[in-house]
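**Q** heads up, no residue letters with this:
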């Protein structure tokens, strides 16, 4: 399979894009178009911490909405949702 090369909004030109749309709807289409595989992996790592620390369940519609809002903020609105009780190492 041929590698997709994209212009990632974080890492710039010539980044490896994803092979599939990783999330449904318009948000997923935008991620597929503008987010590199590398940046997506960063989200997946953050998402695990975000879900665990906030005790969210992706099965619950209210929690899924909160996760989606965090994803939108992480990729496109300049930052991460604060994780309650988490203090980054300095």
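**A** Yes, it's here. Bear in mind that the values here come from a model prediction, so they are computed numbers and not experimental data.
**Q** Distance check, the residue nearest to residue 72 when sequence neighbours are not counted against residue 65.
**A** In space, and not counting its chain neighbours, residue 72 is closest to residue 27: 6.4 Å by Cβ to Cβ, 6 or more residues apart in numbering. For glycine as for every other residue, the C-beta is placed from the backbone atoms N, C-alpha and C. Using Cβ to Cβ, to the nearest Å, residue 27 is found at 12 Å from residue 65.
**Q** Between these two, tell me which one has more neighbours.
**A** Between residue 27 and residue 65, residue 27 has the larger neighbour count (other Cβ atoms under 10 Å), namely 16 against 10.
**Q** Now the phi/psi pair for residue 11, please.
**A** The phi and psi values for residue 11, taken as degrees, to the nearest 10, are phi -100, psi 0.
**Q** Can you name the residues bridging to the closest residue to it other than its chain neighbours?
**A** Distances taken as Cβ to Cβ, 6+ apart place residue 36 nearest to residue 11, at 5.4 Å, with adjacent residues excluded. For residue 36, the beta-bridge partners are residue 17 (DSSP bridges).
**Q** unless I'm mixing things up, residue 36 is touching residue 4, no?
**A** No. If you go by Cβ atoms under 8 Å, residue 36 and residue 4 don't touch, sitting 9.6 Å apart.
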